[in-house]
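Colleague: need a structure here:
(2 chains)
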Amino acid sequence: MTVLTPILLAPAAAGLACLLVQSRRLMQAVNGLAFAIAAALGIRLLPQVLARGTVKEWDDFLCADALSAFMVLLISIVSLASSLYAGRYFNRDLAAGVITPGRVREFFVLTPLFVAGMFLVVLVNNLGVMWAAVEATALSSVLLVALYNRRTSLEAAWKYVMLGSLGLALALFGTVFVYAAASRENTEPLPSFNWSHLMSVAPQLDPRLIKLAFVLAFIGYGTKAGLAPMHTWLPDAHSEAPSPTSAMLSGVSLKVALYALLRFHILTTACLDSAFSRTLLLCFGLFSMFLAAPFILVQRNLKRMLAYSSLEHVGLICAGIGLNTPVTIFGALLHMGYHALTKPVLFFAAGNIHQTFHSLEFRVIGPGVVKVLPATAVLMALAAVAATGLPPFGLFFSEFTVLSGGFAANQTFISVLMLLALLASFCGILQQLTRILLGAPKAERSGDARPADGVPAMALLLGGLLLFSVWLPASLRQLLEEAASIIRGMP
Amino acid sequence: MNPPAHADIGTQLITLLAAGMLVCQLLLVVQRMLLTNIRLFALQSLLLAAIAGVVAYFHNATHVYVVALLTLVGKVFFLPWLLNRLVRRIQIHQEIEPLLNAPTSMLVCGGLTLLGYIVARPFTSLERLGNNTLAVAMTLLLTGFFLMFNRRKALTQVLALLTVENGVMLAAVALTTYGMPLVVELGIFFDVMVAVMILGILVYRIRETFASMDTSKLSQLKG
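Modeller: From the prediction side, this is the model:
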């Protein structure tokens, strides 16, 4: 039975259906249902991919391998949690009068389209269409970033769309070069631009063109993935967007751009047979980790701090892939998954704090969140412990895997650098968060604290994180191992 | 594949049209009236559509005619119309003083053109039709970036982005025999249209909120 098509259609249909629906409750239900269907289908896809290697549909237009299947799971779970959280969140915003019902409807229409775009990126076989899909995810999320229509959110949205579009124009240039290289050997009209075809002819492609294409695609998709120094839009967009959107941007959208980048990396390695692309990944990954740490330490805004923490995690994932041993790539993929389960929890908690204290500045929130919002504070503390890489949470194991893989591969210097950067942001996040979470509140808060809001979504993700931290199912492990060997160019 | 005997006419035509696109770009860099800028962009897109038409004719590739038609409808008529309407609605007609004045900008763009030719030099042997079209495409990309950083009005930045896009499409025509697959071209076309509409919405909201579309006022978020 076909799986890929319904994964794409469910969120797209939900987005269009929300255009017609009036009731907000119904819109939220439609959103949640669509993402739940996608998640269920993603789980169904898993054994098919494991059994057959690749699943193809529509005359090879859609093609899923282990890497795509893993991404599908991440996208569907994070968007499901986000839609669970969004309903109450916007109800409170509406009650506070900071948003209009029209804008909330915009959210419920655009979010499924955003998700459908991400599914298309990871499922489509054709690199040109993949570019168009990445651009579609950027466009559908711009208006979500600008949802509150404040001065600062407009500024963030403008930076996001301008830098994103410039980057993506470069990525399109790179895509055109790959296509030029592919059509060189082939004089029939419409030679295949498909990923599966490109990989089969990779060694024959013109290496100069592929190299140039990779550099352009690296800058382009790297901008969208938030790699430093092209990350300047990231803290703005993540802090100004409504919390459910911040969670999606940080949890999966960065990784979807990284996925597009990885496809180019795999192709380049297969064509050049050199360390060119992975060296770039390693350098920029390390640079992102080092740039993030000081910004976390001096940050005064909660969501901006979380955004810089995402930058650090993306850096670690890139560096792990750049080290290019089976162990480090496996660790990087594992890290991608655990980070997707952790970061949204922090953003949801930040949303609750924002709505209660009407600010994201640490000095306004002040000490003592645990007294005002006990459930939120506890869940946030747990997620922060997870995000900084402490046991028993999975991020500890994935960071450990990447680092031990680095040491085992005799990359001692690089591994020590990574360890230092991790340590610095570890101190930064814990120090900043203990300052606001613990202690006695400055003044008695009025009754606008609603402690139970958003807890189901946060508990769902944290529960999942804890479960998969202690027990990684055999099929999931096999999926990750296969995805790692795809990235190493040995399918 | 043997090119038809009259292909050198096609080569010359394409070279001429590509040079015309470069001239439009340089005029855009020095021109400050927004409406004239939009017209220059429309003219540049018209030249691009003509190049696609010539390629389609000399290669007998029907689907490239579709690309030419899409460019004509979308970038020559629809987008300029949309942007014109936006200019009238927000009542701002002139760009304020750019970061660099016109002569300096011209000098910088001369340097960027040189750079574009140097970057494209190793790849000229790969071009299918026309000479130096890839160099022009590179130059459009570089000067487009410069235009974006040099100007402060949100609308001019949108135009700069669109000229970068024209550069990429020119490269696609120059480097490949039959242009890109139609599904990809359609995807790109659709994205560009939606992008401009969304940018238009943002420009309008920025103008409403800030009483200006000067992007140097967008400077609250730091660190």
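Colleague: my guess is residue A:402 meets residue A:326, correct?
Modeller: No. Taking C-beta atoms under 8 Å as the definition, residue A:402 is not a contact partner of residue A:326, at 11.8 Å. Backbone N, C-alpha and C define where each C-beta goes, glycine included.
Colleague: Among the two, which residue is more densely surrounded?
Modeller: Using other C-beta atoms under 10 Å in any protein chain shown, the more surrounded residue of residue A:402 and residue A:326 is residue A:402, with 28 against 15.
Colleague: which residue packs closest to the more buried one, ignoring adjacent ones?
Modeller: Of all residues not flanking residue A:402 in the chain, residue A:331 sits nearest, at 3.8 Å (C-beta to C-beta, 6 or more residues apart in numbering or on different chains).
Colleague: Residue B:105 too?
Modeller: The shortest distance from residue B:105 to any residue other than its chain neighbours is 5.2 Å, reached at residue B:29 (C-beta to C-beta, 6+ apart).
Colleague: show me where pLDDT drops low in the chain?
Modeller: Because you didn't say which chain, this covers chain A. Regions of chain A meeting the criterion pLDDT under 70 cover residues A:1, A:184-192, A:443-451, A:490-491.
Colleague: right idea, wrong chain: chain B
Modeller: B:1-7, B:95-97, B:126-130, B:177-178, B:223.
Colleague: ranges for the strands of it?
Modeller: With DSSP state E as the definition, chain B shows no strands.
Colleague: Break down it into its helices, ranges please.
Modeller: Remark: helices assigned in chain B by DSSP state H are B:7-30, B:34-59, B:62-71, B:79-90, B:102-120, B:133-150, B:154-175, B:182-210.
Colleague: I'd like those as JSON lines, with mean neighbour count and distance to residue A:194 appended.
Modeller: Conversion of these to JSON lines gives the following (neighbours: other C-beta atoms under 10 Å in any protein chain shown; distance: least, C-beta to C-beta, whole Å):
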{"stretch": "helix B:7-30", "mean neighbour count": "19", "distance to residue A:194": "29"}
{"stretch": "helix B:34-59", "mean neighbour count": "22", "distance to residue A:194": "22"}
{"stretch": "helix B:62-71", "mean neighbour count": "19", "distance to residue A:194": "17"}
{"stretch": "helix B:79-90", "mean neighbour count": "17", "distance to residue A:194": "31"}
{"stretch": "helix B:102-120", "mean neighbour count": "16", "distance to residue A:194": "28"}
{"stretch": "helix B:133-150", "mean neighbour count": "24", "distance to residue A:194": "25"}
{"stretch": "helix B:154-175", "mean neighbour count": "25", "distance to residue A:194": "17"}
{"stretch": "helix B:182-210", "mean neighbour count": "19", "distance to residue A:194": "11"}
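Colleague: could these go into TSV alongside distance to residue A:307?
Modeller: Shown next, in TSV, are the helices of chain B (distance: least, C-beta to C-beta, whole Å):
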stretch	distance to residue A:307
helix B:7-30	35
helix B:34-59	35
helix B:62-71	38
helix B:79-90	31
helix B:102-120	33
helix B:133-150	24
helix B:154-175	24
helix B:182-210	21
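Colleague: residue contacts, residue A:68?
Modeller: Neighbour list for residue A:68: A:49, A:122-123, A:259 [criterion: C-beta atoms under 8 Å, 6 or more residues apart in numbering or on different chains].
Colleague: Have a look at chain A and report its longest helix.
Modeller: Under DSSP H, chain A gives helix A:151-184 as its longest helix.
Colleague: Mind giving me the packing neighbours of it?
Modeller: Judged by 3 or more C-beta pairs under 8 Å, 6 or more residues apart in numbering or on different chains; DSSP states H and E, helix A:151-184 is in contact with helix A:127-145, helix A:195-201, helix A:207-225, helix A:233-240, helix A:254-272, helix B:133-150, helix B:154-175, helix B:182-210.
Colleague: Between those, which one is closest to residue A:167.
Modeller: Smallest distance to residue A:167 across the helices and strands packed on helix A:151-184 (C-beta to C-beta): 3.0 Å, for helix A:207-225.
Colleague: one step back: do you know how far the residue nearest to residue B:105 is from residue A:362?
Modeller: According to C-beta to C-beta, to the nearest Å, residue B:29 and residue A:362 sit 44 Å apart.
Colleague: just residue A:468 next, same as before
Modeller: From residue A:468 over to residue A:362 the distance is 31 Å, taken as C-beta to C-beta.
Colleague: Quick check: closest non-adjacent residue to residue A:480.
Modeller: residue A:333 (5.1 Å).
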